[in-house]
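1. Can you look at this prediction? I've put the sequence above it.
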Amino acid sequence: MTYRSRAVSFFAVLLLQVCAVAQGGGQLRFCLHSDPKTFDPVLVEDDASERVRYMTGGFLMRVNRLTQELEPELATSWKLSKDGRTISFQLREGLHFSDGTPFSAEDVAFTMQRLMDPSLHSPTGDAFRSGEGKLQTQVTAPNKIAVTFPAPVASLDRKFDQVAILSAKSPKKEMAVLGPFYVADYKAGAYLLLNRNPNYWKRDEQGRTLPYLDSIRLDIQQNRDTEMLRFLRGEIDLIDTVDAEYFNRAQTEEAGSAHDAGVSLDPEQLWFNQTAKSPIPAYKRAWFRSTNFRVAVWEAVNRDDMARLVYRGRAQAAVGMLSPADKFWFNSALRARPYDPQAALKLLAQDGFHLQNGQLLDRDGHTVEFSVVTGAGNKTRERMATMMQEDLSKIGIKLSVVTLDFPSLIERITRTFDYEACLLGLTNMSLGPDAQMNVWLSSAENHQWNPSQKQPETAWEAEIDRLMRLQASSLDPKKRKDAFDRVQQIAWEQAPFIYLVNRHALSAVSPKLHNVQPAVLQPYVYWNIDRITMNAEAASK
Amino acid sequence: MIWLRNISIGILAAIFLASLFAGTLAPAPYAKQFRDEPDAAPSRQHWLGTDDLGRDRFSRVLYGTRISLLLAPAAAFLAAVLAGLIGGVAGYRGGWTERGLMAAADLVLSLPWLFLLLAVRALMPLNVAPIHSVMITFFILGCLGWAAGARVVCAGARSLRNSDFALQAQALGCSETRLLLRHVAPNLRPILLAQFWISVPVFILAEANLGILGLGVSEPVPSWGSLLRELEGLTAISGKPWVFVPLLLLIVSVTSFQVLLMDQEMPV
Amino acid sequence: MRHILFLIAKHASRILLITLAGGFLAVALARLAPGVDEREIDTRLSDESRAAIQQSHDAERNVFHFYWVWLGGLAHGNLGMSQALNRPVAELLSERLPVTGRLLGWGLLTGWGLGLGLAVPLVFLRGRAYDLGASALAALFLCVPAAVLALLFVLLRAPAALALGLLVFPKVFRYARTLLQQSAALPHVLTARAKGLSSIRVLFWHYLPPAAPQWLALLAVSITLALSIAVPVEVVCDLPGIGQLAWRAALARDLYLLVCLTGIVTLATAAAKSASELLGETLRPLS
């Protein structure tokens, strides 16, 4: 064979392979952990419904999960007003919903009016609520609309990442969609079938219509063990969120299938109950209100060991309220607090704590012991609490671990305040401070350590209130960043939350899938679902 | 087979003594975390390896035996006594007494009692000692575990009501209470022993399952139930046979109980 | 005939009363337990939305009022709306009952087959070694956590009903063993065996009839036991039955689901017992 013919053969084979990969088709299979509660994108509040919305919804713009940048989708461009209250969209023309109904600015207006309907109490809509008054929509052309809010909304454009557009006219109502897939079949408790939307507007760089896949079958699978087993057997093609212990198993049994995209947005955190109306003894409340006490506990806990043992090395010690995965908003000047029991004891000594026969006592002679509540059935948190128990015993603090079923736990931390410390995790669906307003404002009900304050009880909480409102009302990204950096600094110094670890974004993906680029924003794996493809052999099955 | 009985007694005595002297026999405190040796295989230092937090599994099995082997049989005994009393009285008296008590048994079998357990947990202070929390849990399990056995006991007592010896005793002027306790109850003993034998492992497992809801024994105190929960995971089932030791121990204990009870179950 | 009809009517009214009482007590117990809607800690929600969630549960606070309203709905075929799954309860039950029914049917068949299959040879072989072996086997399945066995069956791709059967059989075996041994000591049985009657004949005509009420009671008990074991089996094997539903309802404090599911379980328990009693009363002349 001549050199030239060899080269031709090589490129022919390569081309065939590219074609085979790019030819598309096939059914992707993975699992939802519960039945979706609703297919109405405005009413989505649970994880399963959110995932279905992600794959079926058409959005004006989307946050690219890899670059974390906002990208145009149904809107070709948008403009924010100087006062932060109005956003104007230029929409794509000639698009249709999955049932053929034409898409226009009227649909955007209808969606926004529905979203902001106070009687629906939409969690997505609540993110836009910044003040009293009605939403106004102004359709200036079939492909132009301006949406005006009663008050400035922070990160207004980014919030549209969660708003799937409904059809104002379709008889199919919320089942008519603009996304890459539509709900074709649903058997409750068993599976959900999404078919390729023949009217999907997007095309790839070669001009071929997306999505590449023909369909997606979502099995309703509660049990994570069974889910992993099915993945290892090849019955499902991906697991979007994998626990650390299963990650290692997938890595061992199917090389190349386990993906660690790096540290995720999600922290595990502990806080102390500082509420005045709580039934805990006053002397304990005094401990919990002491910054030195909180920082001492933070530094006495070996978070690196937690990451190593509980998360099998697939986590890292948390720095503060944001994870480094939030590239723009994370305050990079902050560092993880060191594990230093001796430093912890010095801090405690400043507040009059002292060791006696290996037991820590406060200045009035009370034995320092408290309980931490966490959700029962969550083995990861139970292990973390057990490790904290061991670590704190080294500085003479007796910690009891109390696991409660989740509704009981919620009642204690939101209604009765009958708890001393709580260990929970946070799932951050979005970047930056916007989703955290309800946590950091001292008047908010989710200001967990001391909620619903009429006036901020401490100077640092008053400062955080001021800074959060400042960044929420400003349109200047730099001003917002500076304000929020300062909030992170104060939170690090005052430690109302003790941030333990940030877990990694772990997923499992079958090698027969292509164009998969795991990210640290959820969904980790199928964020580019319209571009995922599978090899020809799998596609033909 | 006397030798079999003796072996069973020996096994149970060994397990009981081992748990009693756990402080001496255990190579390490049950809560101590050897963080450089998590999930270790059995070795000279750790005879049954370590768990995922590096705690010596053999020590935890020894200490866990105390809670499970003492409290579960106590709860099972309570359940058997209640089953005998309620089922026996219901079956023997018949009529509305039987209907009422068996209706109560049906309700006890059907109702979601975990809410009662959750309510009890809510009433207990958060800092309650783990041993008190688990004792209360087992007590409630014992109080609720009578219903299934009571139904079978009731049917048995009903058939004994009209038996020859019962009629003869009545004819001789035997009081109802004496008849029930001295003549009917001994004939129900085999069923009650069966009930007891079944209840012991059921309550040990129930304590483990209640851990999922925040009841049962709390960390770091071990119990056989919490050790058996280690088996509930794909990663646990394969590649680490030593995690099955608590299960093996439970099976051996329950079988040994059974051998001891065999002779007692012969009808009077 | 009139007597049998009277008995059926008596048992039917008993079943109805117990079922209604069971439903009410389930609601009362659920209200007694602590816990609030998990959505209350969703940081995305505004204070008004959170208040609306709390208000939506106001109707459930008064147990009597809630139950009265539910009974009214029941009379019109409306079993209420599941808050946890956001679907009508009637729809959920109609989808899931057949799944659990199949699981229970095959599971009980397997459990009784194994239980009796091990217990019956015991009375004829009379070997301690066999007794010990059978007891050890029963002890094994009595001690294995249901979730672990179910997971093992998922691993082996074996039917979940077999797992249920293996979990039910130790209890059936234990009671069956005792009942058969009791019957073996009865004078008429000893006479029948001494007269050389075949084992099958002795078993069906002399062992079983005297203890018929207890066998039937055991059958009723095993149905209730199987229902409780079905919960972890369905959860692990991901079978969309009412056991899995019951677990979700309990965790979410979903009152409409709870009252209906408890009603079903109570109905099944009471009906099984009544059936066994009716059968017992019919068979009495034969024993």
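-> Yep, that arrived. Numbers count the residues shown, from 1 in each chain, chains lettered A, B, ... in the order given.
2. how about the strands in chain C?
-> All strands of chain C, identified by DSSP state E, fall at C:81-82, C:87-88.
3. most packed of those?
-> By mean neighbour count, with neighbours taken as mean count of other C-beta atoms under 10 Å in any protein chain shown, strand C:81-82 ranks first of the strands of chain C at a mean of 21. The C-beta positions use only the backbone N, C-alpha and C, and glycine is treated the same way.
4. what comes into contact with that strand?
-> Defining contact as C-beta atoms under 8 Å, 6 or more residues apart in numbering or on different chains, one finds that strand C:81-82 is touched by C:87-89, C:92, C:249, C:254, C:256-257.
5. again with stretch A:201-214
-> Residues contacting stretch A:201-214 (C-beta under 8 Å, 6+ apart): A:22, A:24-28, A:58, A:74, A:92, A:95, A:178, A:180-181, A:195-197, A:200, A:515, A:529-534, A:539.
6. cutoff 7 Å now
-> Where contact means C-beta atoms under 7 Å, 6 or more residues apart in numbering or on different chains, the residues beyond stretch A:201-214 that reach it are A:24-28, A:92, A:95, A:180-181, A:196, A:200, A:529-533.
7. Tell me the residues on the stretch 151-268 of chain B that lie near chain C, please.
-> B:151-152, B:155-156, B:158-159, B:190-191, B:194, B:197-198, B:201, B:205, B:208, B:228, B:231-232, B:237, B:247, B:250-251, B:254-255, B:258-259, B:262, B:265-267 (C-beta under 7 Å from any C-beta of the partner chain).
8. can we see that at 6 Å?
-> Residues of the stretch 151-268 of chain B lying near chain C by C-beta under 6 Å from any C-beta of the partner chain: B:151-152, B:155-156, B:159, B:190-191, B:194, B:198, B:201, B:205, B:228, B:231-232, B:250-251, B:254-255, B:258, B:267.
9. what does chain A give?
-> A:35, A:37-38, A:121, A:123, A:126-127, A:129, A:188-190, A:221, A:223, A:225-226, A:406-408, A:410-411, A:414, A:435, A:438-439, A:445-446.
10. In helices only, show me those.
-> If you go by DSSP state H, these have A:123, A:126, A:225-226, A:406-408, A:410-411, A:438-439 in helices.
11. mind checking which helix or strand of chain A has the lowest mean pLDDT?
-> Ranked by mean pLDDT, DSSP states H and E, the weakest helix or strand in chain A is helix A:3-22, scoring a mean of 51.
12. helix or strand right after it?
-> Downstream of helix A:3-22, the next assigned helix or strand under DSSP states H and E is strand A:27-32.
13. Quick one: mean pLDDT for that next one?
-> Averaging pLDDT along strand A:27-32 yields 96.
14. Repeat that for stretch A:184-198.
-> Confidence for stretch A:184-198, expressed as mean pLDDT, is 94.
15. Give me the buried positions along it.
-> Neighbour-count burial for stretch A:184-198, counted by 16 or more other C-beta atoms under 10 Å in any protein chain shown, picks out A:186, A:188-197.
16. now swap in stretch B:13-31 and tell me
-> Buried positions in stretch B:13-31, judged by neighbour count with 16+ other C-beta under 10 Å: B:15, B:18-19, B:22, B:26, B:28, B:30-31.
17. Now distance to chain C and pLDDT too, for these, in a markdown table please.
-> A markdown table is the format used below for these (distance: C-beta to the nearest C-beta, whole Å; pLDDT from 0 to 100):
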| residue | distance to chain C | pLDDT |
| --- | --- | --- |
| B:Ile15 | 14 | 91 |
| B:Ala18 | 19 | 91 |
| B:Ser19 | 17 | 89 |
| B:Ala22 | 21 | 90 |
| B:Ala26 | 23 | 92 |
| B:Ala28 | 26 | 93 |
| B:Tyr30 | 21 | 94 |
| B:Ala31 | 24 | 93 |
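18. Tell me the one of the residues you listed nearest C:Leu166?
-> Nearest to C:Leu166 among the buried residues of stretch B:13-31 is B:Ile15, at 25.6 Å by C-beta to C-beta.
19. Helix or strand: which one has that closest one?
-> Counting by DSSP H and E, B:Ile15 is found in helix B:2-20.
20. Can you show me the CA trace of that helix as CSV?
-> Output of helix B:2-20 as CSV, limited to C-alpha atoms (Å, rounded to 0.1, in the frame of the first residue of the first chain):
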residue,chain,number,x,y,z
ILE,B,2,-28.0,-33.1,75.8
TRP,B,3,-24.6,-32.3,74.2
LEU,B,4,-26.4,-29.9,71.7
ARG,B,5,-28.1,-28.1,74.6
ASN,B,6,-24.8,-27.8,76.4
ILE,B,7,-23.1,-26.4,73.3
SER,B,8,-25.9,-23.8,73.0
ILE,B,9,-25.6,-22.8,76.6
GLY,B,10,-21.9,-22.5,76.2
ILE,B,11,-22.3,-20.3,73.1
LEU,B,12,-24.8,-18.0,74.8
ALA,B,13,-22.7,-17.9,78.0
ALA,B,14,-19.6,-17.1,76.0
ILE,B,15,-21.3,-14.3,74.1
PHE,B,16,-22.8,-12.9,77.3
LEU,B,17,-19.5,-13.1,79.2
ALA,B,18,-17.7,-11.5,76.3
SER,B,19,-20.1,-8.6,76.3
LEU,B,20,-19.8,-8.3,80.1
